[in-house]
Every structure is written in structure tokens, then in C-alpha cells.
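>>> Sequence unavailable; structure follows:
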Ligand SMILES: [Zn+2]
């Protein structure tokens, strides 16, 4: 690229100086099922033109070389917990019931320095993997406005779009290991959580892709009052909300004990299933629940790697999609994944479902899974559009080298990208801002980040 930061424009040049051209790549759009050699012009955060030969229309524009690369819509990580970056891979020998309380004691009270570094470490990995945004189901105990402000500033500086879904739980003591007081202090009451959510949501900046919304932990860990407050605030502020749903068989049993019905049925009875909400996991859903979720227009976020890591089960993705449910893909937090490589989860989404049904006509292919990681995630964050690369759409774009994996024989671009995964993206743009250029992060100081992470590893703040 010829300029340091095209998003601020280029002073004193010709009429197309505020245009950035992605030139020489093969545009591959799994959402609209189209691919072809084309250049893309980006202006004011949006795609201004797309097609072969448009370069001649913008002779003075800055350029990003995409030769030998595939240009795809930016991916969205539909479910993660940023604070787990410092506990990556903390998932051997435990199911969710044991894992959660063990984790709460370790990663829920990060210092301000550690909190910021944790977020940036996760954002770095996601950006390098072609992501332009995420649902960060954000967890700190106690949750404070100070922690929210640290998170928003970190994402703002990184140029990374987010729904910061503020986690809360208020159900204290009852049946089953998933229902109980959090370690390290008494739970806030529903009204206190809701008041905090309201104050934090006022700090959202949707114009730059920074959303703040309610993130109740899940039905079995939250009172009905708290769940209703989450939906009410989401409606009032016009911002989505997010929660876990039916991740494990144990959780399902607890829901039956508490409600006399599966959790999704309970949510539907409360009127809480709607297009505003995204549901992480949804592993243990019966056909009635799937029908209710579809009818309500809620989104489900599939987390195949995390579900494998904690032995949670295989989500019924084919049945959800057949019912018309919008499904996105998430990594879940690094502690139950090992990392934040969304393309790995896309690959696992394509393959894992094949163990759930032996009918190949119901299996996800590489383009299906990739499109889910784009469109489903955008719904969950509340970003406009479904991610397709068309004129007028937000310029959320990832560029991956094909390198030695050039297409040939039986391969196609989507299989090559998803199954024979590249080591990282070449360029990434979010809302037209260049986050990664030729493999170099433009919005995160990696040297400072690594120094900070090293200091924490050695017992620093
Ligand atoms: Zn989670």
C-alpha cells in the first residue's frame, strides 16, 4: 500500500485519493456463491466498485496487492471470551461442569493491564486469521464499568468490531454443579446487573462497530428476571444480546429440573427468543426447540472445537439449518479451544456434523461453513448486511495467499482455504480500515504486546 493509513484520507492528492484498491486477486464470495478475478475499490469504509479493470478508474488510488491470493468477506468469530487468552488450552480432563468453576477462580479477576493485553492478544490472533469482528462474551467478576472501558478502548484502537456481551449470572445454590454461586464472592442481584448493563450500553459506539450488550451466562445460571432484563435492554438500545444455551447434557438436565422443560422452550415461554438474540452452542436441542428458535428468528453460534475439547457433544447443525435457523461459527474462549483460529473451527464445523448424520446430502461443504462464519456472525454482532462483497457493502475483507496451494485437479478455492488452511491472512480490512497489511499488523503494536505478555508470564501486573 502506498499510504500509511488510507482511512484518514490522503491530503492534497487527486479525486480518488480516498480510495483504496485491492488489485489482482480472485474474489471468492461464499455468501453469494460467486468467484472471479476482480479488483475492489474501497471508499469511506464501503465497497465503492468491484470488477475486472476498475483500476483504470482510480489512477491515483493507493493499492493493496492481492496477486496470487483469494479475497473473501471478513470472518466473524460468533462466540469467544477474550479474558481466556491468558489461559489458552486450559481444557484437559474436565467437562464444563468442573471446568467453569476452575476457570472462574483463575481468569475472572484480571488486573487492568492483564485485561487489556488479553483482549489484544485475542484480537491479534483473530485478525491474523481473517476476522474483522467477534462476539466477546465478556467475563469479569465483579464486572465494572472500568473493565468495559478498557475493553472498548482496546478494540477501538485495534479497529476490531465487537459485540461486548457483558456476562452475568445471579442464580445462587440449587441442583447440579452448573447452578451455584460463582467463586470469589457473592453474585450481584438481577437489578444490579441490569443497572450495570444499562450504564455500559450507553458507552457503545455503533458507528465504529463497537457494540455493548447484555450477556447473561445462560438460562440455568440466571434468573428469569435477569434474562428478561437482558432482552428488554437489548430492545431499548437496539443492540443484540447473547447467551449460552444447552451446551451440555448436564445443563439440559438442570433446565428440566428448574423449568420442567428444555431451556429453549422456557425462553420461548418468556418471550425471549427473537432476532435480537444469539445462542452459543445449542448442542442439546430437541426438534421442538429447533422449531421455536427458527420461528423466532434467533441465531445459533456453533462452537465445534470447544464442544469437542470439553466433550460437550455434537450440535445438530444440519437440523438447525434445515429448519431455517441462521447459524454462525465461534471458537469459544481460548481456554476451551486452545486458540482463536476461526478457520480451524470452520473446518471442524464442516467435518464434525458428518458424525451426526450419515446422509451426505445434509453435510456442510466448505462454502457452507465459510458463509456461516461470515453471515451468522454478522447477525450476532448486529452488523449491517450479510457480508457479501457487493457495491455499497461495508468493506470487511480478508485476503489469503494461495501460495503453493494454487488450485488444480479436484480442488476448489473454498476447500483449499478451509481444509488446507493457510498460516494466516495477507491483508485484513474492517470497515475499510487496514488492520493487517502484507502480514504486518497496522493497529496493534506486537512488540509491545509480546513484551507485556512476557511480563505477565513472569509474574507482572
Ligand atoms: Zn462460551
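Arrived safely, thanks for sending. Please read all numbers here as calculations on a predicted model, not as lab measurements.
>>> Can you give the domain ranges for this protein?
6-73+388-441, 75-381 (automatic domain parsing).
>>> Point to the residue nearest the middle of this protein.
Against the mean C-alpha coordinate of the chain, by Cα atoms, centre = their mean, the closest residue is residue 77 at 2.2 Å.
>>> If you count neighbours, what's buried in stretch 311-329?
Under the neighbour-count criterion of 16 or more other Cβ atoms under 10 Å, stretch 311-329 has 312-321, 323, 325-329 buried. Quick note: C-beta positions are derived from backbone N, CA and C, even for glycine.
>>> Next secondary structure after the helix or strand of the chain with the lowest mean pLDDT?
When each helix and strand of the chain is scored by mean pLDDT, DSSP states H and E, helix 96-107 comes last, with a mean of 72. Next helix or strand after helix 96-107 toward the C-terminus (DSSP states H and E): helix 112-128.
>>> Quick check: can you name the pairing partners of the helix or strand just after that following helix and their directions?
Once the chain leaves helix 112-128, the next helix or strand it forms, by DSSP H and E, is strand 131-138. Using DSSP bridges, strand 131-138 pairs in its sheet with strand 75-80 (parallel), strand 161-168 (parallel).
>>> which of these is buried the deepest?
strand 75-80 (a mean of 31; mean count of other Cβ atoms under 10 Å).
>>> Was I right to think the residue nearest to the centre of the chain contacts residue 134?
Yes: Residue 77 lies in contact with residue 134 (Cβ atoms under 8 Å); the separation is 3.9 Å.
>>> got any residues that touch both of these two?
Shared contacts of residue 77 and residue 134 (Cβ atoms under 8 Å, 6 or more residues apart in numbering): 126, 377.
>>> Where does the prediction get shaky in the stretch 1-150 of the chain?
Low-confidence segments of the stretch 1-150 of the chain (pLDDT under 70): 1-17, 91, 104-106.
>>> what about residue 344, how many neighbours?
Here the count is done by other Cβ atoms under 10 Å, and residue 344 has 18 residues near it.
>>> oh, I was asking about residue 355
By other Cβ under 10 Å, 8 other residues sit near residue 355.
>>> Residue 255 belongs to a strand?
No: counting by DSSP: H, G, I helix; E, B strand; the rest coil, residue 255 is not part of a strand but helix.
>>> show me what contacts it?
By Cβ under 8 Å, 6+ apart, the contact list for residue 255 reads 219, 220, 246, 261, 262, 263, 266.
>>> Please tell me how far it sits from residue 246.
Distance of residue 255 to residue 246, given as Cβ to Cβ, to the nearest Å: 7 Å.
>>> Mind listing the shared neighbours of the two?
262, 263.
>>> Tell me, how many residues neighbour residue 59?
For residue 59, the neighbour count with other Cβ under 10 Å is 10.
>>> what do you get for residue 393?
18.
>>> Surely it is in contact with residue 385?
Yes: in this structure residue 393 lies within contact range of residue 385 using Cβ under 8 Å: 5.0 Å.
>>> which residues do those two both contact?
Common neighbours of residue 393 and residue 385 (Cβ under 8 Å, 6+ apart) do not exist.
>>> Check which helices and strands whatever helix or strand residue 378 lives in sits against.
Element membership for residue 378 (DSSP H and E) is helix 377-381. Other helices and strands packing on helix 377-381, by 3 or more Cβ pairs under 8 Å, 6 or more residues apart in numbering; DSSP states H and E, are strand 75-80, strand 131-138, strand 161-168, strand 299-302, strand 326-329.
>>> Need the nearest residue in space to residue 249, chain neighbours excluded.
Leaving out its chain neighbours, the residue that sits closest to residue 249 by Cβ to Cβ, 6 or more residues apart in numbering is residue 284, at 5.8 Å.
>>> whoops, I mixed them up, residue 429
Spatial nearest neighbour of residue 429, chain neighbours left out: residue 397 (4.6 Å); criterion: Cβ to Cβ, 6+ apart.
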